[in-house]
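K.L.:
Make a model of this:
(chains A, B, C, D, E and F)
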Number of protein chains: 4
Amino acid sequence: MARPLKVEDHSARRQAILEAAKACFARKGFHPTTTAEICSEAGISTGNLFHYFRSKKAIIAAIVEQQGEEAKRHLAGLADEADLYEALHGFFDLVLAMASERDFANLALEVAAEASRDPDIGALVRHNDALVREGLTVLAAAAIERRQIGPGLDATQVALGIAAMIDGLFARVAIDPNFSVQGQRNTFVLMLERFLQPKASRVLFETPLCDEAH
Amino acid sequence: MARPLKVEDHSARRQAILEAAKACFARKGFHPTTTAEICSEAGISTGNLFHYFRSKKAIIAAIVEQQGEEAKRHLAGLADEADLYEALHGFFDLVLAMASERDFANLALEVAAEASRDPDIGALVRHNDALVREGLTVLAAAAIERRQIGPGLDATQVALGIAAMIDGLFARVAIDPNFSVQGQRNTFVLMLERFLQPKASRVLFETPLCDEAH
Amino acid sequence: MARPLKVEDHSARRQAILEAAKACFARKGFHPTTTAEICSEAGISTGNLFHYFRSKKAIIAAIVEQQGEEAKRHLAGLADEADLYEALHGFFDLVLAMASERDFANLALEVAAEASRDPDIGALVRHNDALVREGLTVLAAAAIERRQIGPGLDATQVALGIAAMIDGLFARVAIDPNFSVQGQRNTFVLMLERFLQPKASRVLFETPLCDEAH
Amino acid sequence: MARPLKVEDHSARRQAILEAAKACFARKGFHPTTTAEICSEAGISTGNLFHYFRSKKAIIAAIVEQQGEEAKRHLAGLADEADLYEALHGFFDLVLAMASERDFANLALEVAAEASRDPDIGALVRHNDALVREGLTVLAAAAIERRQIGPGLDATQVALGIAAMIDGLFARVAIDPNFSVQGQRNTFVLMLERFLQPKASRVLFETPLCDEAH
DNA sequence: TATGAATGAGGATTCATTCAT
DNA sequence: GATGAATGAATCCTCATTCAT
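P.N.:
Alright, predicted model coming up:
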């Protein structure tokens, strides 16, 4: 173990440490997790961690940054959809899938908590958050223009509402261990659809919005 | 320096410590806050705190318990409303008011994070959460029976949806320092109303759900 | 051990820690000495030290500051002498006495070394050094004016020379374990007297400066 | 990557490491300097250092040994002088020149400090010191015998006095950043000449020792 | 009860040294 | 020989908690 690690190897090791840290943070939270635990989870020695990350805080920063990259990637993939309501719906589905992993939800909560106390982490998280909301806003604006979602909301409100639903979803997973994303998927999808009121909701058939009005 | 404090004095001091702790936790989080900081904020000596709370953890437990009491009180007040949709709406309004205090939202986030790592705190938080959802479920069930909210949702789904919206709201406050509860109140109310589809939504007048259908 | 320590007690404890630290630093140097060693030497627990000193560095800073106070006190006592050459001589004698304690000399060396790497300590040491040289300069100037020391030197030179002799003396003690201050006292006194050329040197009788001139 | 280096290459690299280490030690001191810093300064990898020196301590040992060699060489060159007072004076001049490099003085201080805590380094330093004092003693003895320096001092005292002056000089450089060896050269030369009282001091003409006696 | 000094386990981080390549 | 990743003991400092007064 001496020749300079090939770049892939270095990244792979770094990523392995990040995965170990994510597991630990999801389990115990950022502050209560010791660097020794992360090292042990990653199968490396206590000192070696610091070849890959300047500090414990740098680990959480890297995690947040990766989450940002991932979010960017996901959003980028949606812009090409013809039906932008479907695009928003697709994003929401994606998030529902991610939220089904309890570790992922716990980590999200932990990151949010850390963001509210450490200004540097806070800046990163807010950056990601702004990124997602901007992405959603762009989609929403186009959807509104094409009348693919109902009236009564401007693009910013749509983005905010979806963001809040997503946060709420993660919170439910993190707080309630009996909560099952799959079991409650319909409730959240319904909440989204009723909020956005697309011309033709997938759920509409079962729950017509205006049936009683007749 | 030996006279037993009168009960009120004892409770008052205890409550003062709780308030101090809440302020600190909202500011820095549970783990990074030291007991010394809490004592300093409460204007007592470091040792004295432990006459009122067995441990640091007992403080957060007491905070969570008080939040539970408060939630119970709020919910109890709603059962008498004639229009149960209005009752649900009123609860939501109450929460919106609480969420406008950033400290309160930060504390909620912190409590949630701690709950996800400490099983004892977790149990208390889940207890509170169950309490609130049960309260909401009862209200929702009655509202559904009286057809005060629209069809397509069962009582549990209503409760879950409202809980998620509330969590989402708190998350927005905690994450985004530019977020203004008052400024975005409409978006959240709209989300609630579209979700519940009451016969006559307060917002409906301005943004009729089915206007285009005619 | 709980009532606030009386101020004397606090100072006494603080001083005890300083003495312990001085002993350790003299023995092993500043960096190689662990705070645990200091605590053990002082008979306190590892954490308690930090009630008295913010950091390890603060300990050395306090030591240097005390040395400054002491120097000031010594110099102040000399200004009243009628014969200012005697005053300078007296100061030198004082230093000779201090230098006979090997620990003292080792500590001085250690402080000087630390000063050359830590700018904060450096500033303190230079402040003390300036203090001493100023004190010596004032004495020297008066002595020169009264012709109590010989011509050929200005006051600054006198001060510098004495300071260098003192440093050299300490260095000798610290470096050479066979060196005995008492045994070599005469050499140093002679060096001083020949340097200052007072009208009547105490050593002159045995070692007339100009005997060969006759 | 396996060919044995030619001897010169090996020594050259070794010497390069020593120079790098000296620069680092002068800057930061022995303990605070990391082997990684030395390697970086020397332009080699962290592991490679240990092919040339068994340990970090071995580096300082080598530095001290080289200083000893150098001192020996300098002293050897002086024995041939006809006027042994001039020889002593020349040695002092040499030292004045070396002391003008602040790095050199810092290193000397650092070495002295390390010697006082590490017995092995201490032994080496004391060996060098003895060497120099012996060299000086021999010169002084011859000078006394030839009456090239004044009476009142035996050879050992002369050696000790010169050694102390040199130490004092180095200490002045290391402690006082405003101190200029060139600016204060005269003071130190005067101290030496008055101490040794040669028949014809270079400085004597300007500052006759016995002018007042007439 | 109130005080705050004392305790000491624990945690992040550093760094000399090793060793596989 | 050269490399630099890996090791893990060691260090400074923090902090919840105790307890003598």
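K.L.:
Does DNA strand E have contacts with the longest helix along chain A?
P.N.:
Secondary structure assigned by DSSP state H gives helix A:119-145 as the longest helix of chain A. No - for a cut-off given as Cβ under 7 Å from any atom of the strand, helix A:119-145 has no contacts with DNA strand E; the smallest distance is 12.5 Å. Bear in mind the C-beta positions are built from the backbone N, C-alpha and C, glycine included.
K.L.:
Beyond that helix, next helix or strand please.
P.N.:
helix A:155-175 (DSSP states H and E).
K.L.:
Run the angle between that next one and helix A:119-145 for me.
P.N.:
130 degrees (axes from the mean of the first three to the mean of the last three Cα atoms, to 10 degrees).
K.L.:
what packs against helix A:155-175?
P.N.:
Here helix A:155-175 touches helix A:84-99, helix A:102-115, helix A:119-145, helix A:181-196, helix B:102-117, helix B:119-145, helix B:155-175, helix B:181-196, going by 3 or more Cβ pairs under 8 Å, 6 or more residues apart in numbering or on different chains; DSSP states H and E.
K.L.:
Nearest to A:A12 among the ones you listed would be which one?
P.N.:
Judged by Cβ to Cβ, the one of the helices and strands packed on helix A:155-175 that comes nearest to A:A12 is helix A:102-115, at 20.6 Å.
K.L.:
what's the spacing between the residue nearest the centre of chain A and A:A113?
P.N.:
In chain A, the centroid-proximal residue (Cα atoms, centre = their mean) is A:V95; its distance is 6.3 Å. From A:V95 across to A:A113, the span is 19 Å (Cβ to Cβ, to the nearest Å).
K.L.:
A:L190 and B:L153 touch, don't they?
P.N.:
Yes - between A:L190 and B:L153 there is a contact under Cβ atoms under 8 Å: 7.1 Å.
K.L.:
Need phi/psi at A:S45.
P.N.:
phi -90, psi 160 (degrees, to the nearest 10).
K.L.:
what's the nearest residue to it if we skip its chain neighbours?
P.N.:
A:C39 (6.3 Å; Cβ to Cβ, 6 or more residues apart in numbering or on different chains).
K.L.:
What's the per-residue pLDDT of that neighbour here?
P.N.:
pLDDT recorded at A:C39 is 96.
K.L.:
ditto for A:G150
P.N.:
89.
K.L.:
what packs against the longest helix of chain A?
P.N.:
helix A:56-76, helix A:84-99, helix A:102-115, helix A:155-175, helix B:155-175.
K.L.:
and the angle for the first one with helix A:102-115?
P.N.:
Comparing the axes of helix A:56-76 and helix A:102-115 via the same axes, to 10 degrees yields an angle of 120 degrees.
K.L.:
Kindly calculate the angle that helix A:56-76 makes with helix A:84-99.
P.N.:
Using the same axes, to 10 degrees: helix A:56-76 against helix A:84-99 is 150 degrees.
K.L.:
how far does helix A:56-76 sit from the chain's center?
P.N.:
10 Å (Cα atoms, centre = their mean, to the nearest Å).
K.L.:
any residues touching that helix, and which ones?
P.N.:
For helix A:56-76, contacts defined as Cβ atoms under 8 Å, 6 or more residues apart in numbering or on different chains pick out A:14, A:17-18, A:21-22, A:25, A:30, A:35, A:38, A:53, A:91, A:94, A:107, A:111, A:114-115, A:118, A:120-121, A:124-125, A:127-128, A:131-132, A:135-136, A:139.
K.L.:
Please indicate which of these are buried?
P.N.:
A:14, A:17-18, A:21-22, A:25, A:30, A:35, A:38, A:53, A:91, A:107, A:111, A:114-115, A:118, A:121, A:124-125, A:128, A:132, A:135-136, A:139 (16 or more other Cβ atoms under 10 Å in any protein chain shown).
K.L.:
and the closest residue in space to A:M165 that isn't next to it in sequence, what does it touch?
P.N.:
Nearest residue to A:M165 in three dimensions, chain neighbours excluded: B:G168, at 5.7 Å (Cβ to Cβ, 6+ apart). Neighbour list for B:G168: A:163-169, A:171 [criterion: Cβ under 8 Å, 6+ apart].
K.L.:
same check, this time on A:M98
P.N.:
A:M98 neighbours (Cβ under 8 Å, 6+ apart): A:F104.
K.L.:
again, only using 10 Å
P.N.:
A:70, A:74, A:104-105, A:108, A:166, A:169-170, A:173, A:181 (Cβ atoms under 10 Å, 6 or more residues apart in numbering or on different chains).
K.L.:
Isn't A:A123 up against A:A115?
P.N.:
Yes - contact criterion Cβ atoms under 10 Å: A:A123 and A:A115 qualify, at 8.4 Å.
K.L.:
quick revisit: what does the helix or strand harbouring the residue nearest to A:S45 rub up against?
P.N.:
Element membership for A:C39, per DSSP H and E: helix A:35-42. Helix A:35-42 is contacted from outside by A:13-14, A:16-25, A:27-28, A:33-34, A:44-50, A:52-53, A:55-56, A:59, using Cβ under 10 Å, 6+ apart.
K.L.:
can it be found next to DNA strand F?
P.N.:
No - judged by Cβ under 7 Å from any atom of the strand, helix A:35-42 and DNA strand F are separated, with a smallest distance of 7.7 Å.
K.L.:
which parts of stretch A:99-115 are buried?
P.N.:
In stretch A:99-115, counting by 16+ other Cβ under 10 Å, buried: A:99, A:104-115.
K.L.:
Tell me how chain A divides into domains.
P.N.:
A:1-53, A:61-200 (automatic domain parsing).
K.L.:
any idea of the pLDDT on the residue in chain A that DNA strand F sits nearest to?
P.N.:
Among all residues of chain A, A:G47 sits closest to DNA strand F, at 1.5 Å; criterion: Cβ to the nearest atom of the strand. We have a pLDDT of 93 for A:G47.
K.L.:
And stretch A:71-80, end to end?
P.N.:
16 Å (Cα to Cα, to the nearest Å).
K.L.:
average pLDDT across that stretch?
P.N.:
88.
K.L.:
Next: stretch A:109-122.
P.N.:
91.
K.L.:
What of stretch A:197-213?
P.N.:
50.
K.L.:
what's the distance between the nearest residue to A:L196 once chain neighbours are set aside and chain B?
P.N.:
Leaving aside its sequence neighbours, A:L196 sits nearest to A:I149 (Cβ to Cβ, 6+ apart; 4.5 Å). Between A:I149 and chain B the computed distance is 12 Å (Cβ to the nearest Cβ, to the nearest Å).
K.L.:
How about stretch A:116-132 and DNA strand F, any contact?
P.N.:
No - using Cβ under 7 Å from any atom of the strand, stretch A:116-132 never reaches DNA strand F; the gap is at least 12.3 Å.
K.L.:
how about the CA coordinates for that stretch, as CSV?
P.N.:
The C-alpha coordinates for stretch A:116-132 follow below in CSV (Å, rounded to 0.1, in the frame of the first residue of the first chain):
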residue,chain,number,x,y,z
SER,A,116,-29.2,24.8,11.4
ARG,A,117,-26.3,25.0,13.7
ASP,A,118,-23.1,25.0,11.6
PRO,A,119,-23.2,28.0,9.2
ASP,A,120,-20.8,26.3,6.7
ILE,A,121,-23.0,23.2,6.4
GLY,A,122,-26.0,25.5,6.4
ALA,A,123,-24.7,27.3,3.4
LEU,A,124,-24.2,24.1,1.5
VAL,A,125,-27.6,22.8,2.4
ARG,A,126,-29.3,26.1,1.5
HIS,A,127,-27.4,26.0,-1.8
ASN,A,128,-28.8,22.5,-2.6
ASP,A,129,-32.2,23.5,-1.5
ALA,A,130,-32.2,26.6,-3.7
LEU,A,131,-31.0,24.4,-6.6
VAL,A,132,-33.9,22.0,-6.2
